[in-house]
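Visitor: Sequence and predicted structure below; questions after.
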Amino acid sequence: MAKLLPDNITKQVKEIFSNMEGSVKALLFKSEKNCDYCSTAEQMLQELSELEAKISYEVHELDSEMADKYSVELAPSIILLTPDGDDKGVRFLGIPAGHEFGSLLQNIVSFSKGAIPELSEESIKKIETISSPVDIKVFVTTTCPYCPKAVLTAHNIAMVNENVTAYMVEANEFQELSKKYGVSSVPQIVINDKVTFVGAYPEGQFVDQVMKAV
């Protein structure tokens, strides 16, 4: 099987991972049906784990108890766990390739340090007040250069409060979902199926949109 990551990318990834502190586990949920990218997602995690001993991964089926535990309904889905095994509500639906590969790498490094959110004190205080479930979907394509900013902002928001779950959704892989939410350009953000906006908003504006949906 041909490698996914060429040597020049491998060198860059190793440099990024040199900033890791603790170990990070990735949970990959796959399905034998209608999952064109499941094997590619698994190969990506395998190659990353071979590059860095602090990274490990497990593979689970969609119809497994683990999928029920983490409320996973679509494949491929990737969930990251901190060194303490904590789930911070960070989700990747679809393969984080192209520009989103960088989002995955940044999240791995962040999770190795306990998933401390990179947000302003003002934003954190607002997010900490959320007491009901919040679902953030960030629809992306792998060729969109603006999408990673939106994904990382959503993921950082999820790291603050256990009531928040933030998904990167690869729009082309999940076309039914994209159609349901009328996705025509990316990044498109949908919060609790109530608030929708397009574009990589600055952190403060993004948080304000989240608070509108609460």
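Guide: Cool, the structure landed. Every value quoted in this text rests on a predicted model; they were computed, and no experiment measured them.

Visitor: domains for the protein, by residue range?
Guide: 23-85+93-112, 121-213 (automatic domain parsing).

Visitor: okay if I get the ones you listed as CSV plus mean neighbour count, mean pLDDT and distance to Leu5?
Guide: (Each C-beta comes from the backbone N, C-alpha and C, glycine too.) Formatted as CSV, the domains of the chain follow (neighbours: other CB atoms under 10 Å; pLDDT from 0 to 100; distance: least, CB to CB, whole Å):
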stretch, mean neighbour count, mean pLDDT, distance to Leu5
domain 23-85+93-112, 18, 96, 5
domain 121-213, 19, 97, 15
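
Visitor: closest one to Asp7 among those?
Guide: If you check each of those against Asp7 by CB to CB, domain 23-85+93-112 wins as the nearest, at 11.4 Å.

Visitor: partners of His60 in the sheet?
Guide: Phe29 (DSSP bridges).

Visitor: measure it to Leu45 for me?
Guide: Separation of His60 from Leu45 (CB to CB, to the nearest Å) stands at 12 Å.

Visitor: Quickly list what's touching both of these two.
Guide: Leu28 (CB atoms under 8 Å, 6 or more residues apart in numbering).

Visitor: So which residues of this structure form helices?
Guide: Here the chain has its helices, by DSSP state H, at 7-17, 38-51, 65-69, 100-112, 121-128, 147-160, 175-180, 203-213.

Visitor: Quick one: those helices as TSV, columns for distance to Lys88 too.
Guide: TSV is the format used below for these (distance: least, CB to CB, whole Å):
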stretch	distance to Lys88
helix 7-17	19
helix 38-51	18
helix 65-69	15
helix 100-112	7
helix 121-128	13
helix 147-160	5
helix 175-180	22
helix 203-213	16
